[in-house]
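Engineer: here are the coordinates; sequence isn't available:
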């Protein structure tokens with residue numbers, strides 16, 4: 001068996017030819033391609049319409065904004081994952097490789113929001129009615145604020161503000177859109193679409209509830225939150241929780257145990273909110289909506305997969321390791337695993353992954369995760385690698401492997 005040191009020094013395969021490698025560049029990832037596709041479709045529509053009427057511009061704005069909202073709906077997300085992962089493993093790897101990128105659906109959200117705001121700006125500029133212009137410019141300014149604060153530089157540095165502006169600004173924008181539509185004497189189609197969009201936005205909040213939680217703290221760095229409120233989520237899903245439902249929400253991967261009711265969440269210290277959660281353990285917490293599919297659900301598209309995790313990234317991997325629906329091999333790099341996460345969790349992992357590589361960074365230093373991932377991929381005969389880590393390392397692993405012709409997947413931090 002290959003030792004840890006040998007895996008560190010394994011020779012990586014050569015990069016694919018430049019044209020093929022270009023398609024794996026982060027700027028050309030499927031998320032951006034989907035956004036570009038929506039914008040291109042709108043430009044084609046504009047070209048074919050040539051001089052669209054006010055009604056046509058309003059309908060185009062509504063269609064794009066409806067796409068932006070509905071593609072983020074939890075039931076729609078679960079449906080997209082279900083459809084994408086129905087492909088059998090007998091299909092060509094290239095097709096399954098592309099289907100595995102289903103979690104890039106946020107590109108449709110971005111493309112729809114940008115196109116919808118542009119159509120509405122054009123509509124407002126050409127409107128002569130005073131009431132419609134007043135509502136139109138107010139809504140246009142609000143949409144511009146929502147889009148500007150959703151850009152990565154602002155969102156990554158001020159995520160709490162981004163979340164509040166997106167939530168309350170989005171609700172206000174929807175109300176203004178209703179006002180503008182009703183003032184413009186809408187047809188039944190416009191009213192029907194707006195009604196569906198409104199119901200979609202309200203639906204998760206109709207399932208808002210406060211539930212009991214039992215919290216274990218194996219170390220000052222991490223807690224294990226246990227829920228048993230009549231729901232056992234599917235492996236690979238996530239649950240959004242909050243202590244102040246109108247302020248901020250945080251999603252964590254569900255860890256159901258086969259044959260047992262309820263589930264666990266692994267919450268690591270990664271900021272003010274998680275730090276406060278760990279230091280001041282709650283006995284009740286808010287949840288809303290339904291459990292939603294996450295990136296690792298694409299594992300069923302492949303015959304064998306390698307899970308690469310660092311730190312609390314083990315949380316999203318654990319339910320798949322326990323369910324063992326797809327043969328897998330784990331590579332986990334973390335600081336002093338037994339002290340940080342507790343003997344029980346580490347033993348639970350080793351019980352289902354006896355050949356896992358658990359790299360103790362406090363003892364052996366930080367490893368080259370791309371080489372460790374490739375060594376496990378090669379030795380296990382896997383078809384894909386799924387990486388759950390921080391943003392920087394996830395990009396390193398995913399793009400480091402994909403530019404060498406190996407299917408690799410990881411979160412894209414688009415919400």
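Structural biologist: Good, I have the coordinates. Only a predicted model underlies this, so the values are computations on that prediction, with no experimental measurement involved.
Engineer: only C-alpha atoms for contact and neighbour calcs from this point on.
Structural biologist: OK.
Engineer: which residues touch stretch 271-289?
Structural biologist: With C-alpha atoms under 8 Å, 6 or more residues apart in numbering as the test, stretch 271-289 has contacts from 74, 203-215, 217, 220-223, 239-245, 267-269.
Engineer: cool, and stretch 313-325?
Structural biologist: With C-alpha under 8 Å, 6+ apart, stretch 313-325 has contacts from 235-236, 252-258, 265-266, 296, 300, 307, 309, 326, 328, 332, 349, 352-353, 388-389.
Engineer: Among those, which ones are in strands?
Structural biologist: With DSSP state E as the criterion, strands contain 252, 253, 254, 255, 265, 266, 307, 309, 328, 332, 388 from among these.
Engineer: Kindly reformat those as TSV containing pLDDT and distance to residue 9.
Structural biologist: Output for those, formatted as TSV (pLDDT from 0 to 100; distance: C-alpha to C-alpha, whole Å):
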residue	pLDDT	distance to residue 9
252	89	34
253	88	32
254	90	35
255	87	34
265	91	35
266	88	32
307	97	20
309	95	19
328	96	22
332	96	17
388	93	22
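Engineer: ok, which stretches of the stretch 1-150 of the chain are helices?
Structural biologist: In the stretch 1-150 of the chain, the segments counted as helices under DSSP state H, counting those that start in this stretch are 4-8, 18-22, 30-49, 54-70, 74-84, 93-99, 106-126, 130-150.
Engineer: I'd like to know which of the contacts of stretch 271-289 are buried.
Structural biologist: Among those, the ones that count as buried by 16 or more other C-alpha atoms under 10 Å are 74, 203-204, 210, 213, 215, 217, 221-223, 239-243, 245, 267-269.
Engineer: Okay, and which of those map to helices?
Structural biologist: Of these, the ones assigned to helices by DSSP state H are 74, 203, 204.
Engineer: In this model residue 292 seems to touch the first one, though I could be wrong.
Structural biologist: Spelled out, it's residue 74. Yes - counting by C-alpha atoms under 8 Å, residue 292 is a contact partner of residue 74 at 5.9 Å.
Engineer: Tell me who's in contact with residue 299.
Structural biologist: Neighbouring residues of residue 299 by C-alpha under 8 Å, 6+ apart: 305, 326.
Engineer: Show the model's pLDDT score for it.
Structural biologist: We have a pLDDT of 95 for residue 299.
Engineer: gap between it and residue 236?
Structural biologist: To residue 236, residue 299 is 10 Å away according to C-alpha to C-alpha, to the nearest Å.
Engineer: cool, residue 207 as well?
Structural biologist: 21 Å.
Engineer: for residue 117, same thing?
Structural biologist: Plainly put, residue 117 is 34 Å away from residue 236 if you go by C-alpha to C-alpha.
Engineer: Same question for residue 66.
Structural biologist: 27 Å.
Engineer: ok so, going back, nearest to residue 371, of the ones in helices among the buried ones among the contacts of stretch 271-289?
Structural biologist: Nearest to residue 371 among those, counting by C-alpha to C-alpha, is residue 74 at 35.7 Å.
Engineer: ranges for the strands of the stretch 151-300 of the chain?
Structural biologist: 209-212, 214-219, 222-227, 237-242, 250-255, 263-268, 284-287, 292-293 (DSSP state E, counting those that start in this stretch).
Engineer: Need those strands in a markdown table (columns: distance to residue 83).
Structural biologist: As requested, the strands of the stretch 151-300 of the chain are arranged in a markdown table below (distance: least, C-alpha to C-alpha, whole Å):
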| stretch | distance to residue 83 |
| --- | --- |
| strand 209-212 | 29 |
| strand 214-219 | 35 |
| strand 222-227 | 29 |
| strand 237-242 | 16 |
| strand 250-255 | 21 |
| strand 263-268 | 25 |
| strand 284-287 | 26 |
| strand 292-293 | 12 |
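Engineer: Tell me which of these approaches residue 87 most closely.
Structural biologist: Proximity to residue 87 (C-alpha to C-alpha) singles out strand 292-293 among the strands of the stretch 151-300 of the chain, at 16.7 Å.
Engineer: Would you mind pulling the contact partners of that closest one?
Structural biologist: For strand 292-293, the surrounding residues in contact (C-alpha under 8 Å, 6+ apart) are 74, 75, 77, 78, 81, 236, 237, 238, 239.
Engineer: Isn't the third one up against residue 84?
Structural biologist: No - with contacts counted by C-alpha under 8 Å, residue 77 stays clear of residue 84, the gap being 10.7 Å.
Engineer: what's the distance between residue 134 and residue 88?
Structural biologist: 54 Å.
Engineer: Would you mind reformatting the ones in helices among the buried ones among the contacts of stretch 271-289 (as CSV) and adding columns for distance to residue 275 and pLDDT while you're at it?
Structural biologist: Formatted as CSV, these follow (distance: C-alpha to C-alpha, whole Å; pLDDT from 0 to 100):
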residue, distance to residue 275, pLDDT
74, 27, 94
203, 30, 95
204, 26, 94
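Engineer: What pLDDT is listed against the closest residue to residue 135 other than its chain neighbours?
Structural biologist: Using C-alpha to C-alpha, 6 or more residues apart in numbering and skipping residues adjacent in sequence, the residue nearest residue 135 is residue 180, 6.2 Å away. Listed pLDDT for residue 180 reads 94.
Engineer: and residue 180, what does it touch?
Structural biologist: Taking C-alpha under 8 Å, 6+ apart, we find residue 180 in contact with 132, 135, 136.
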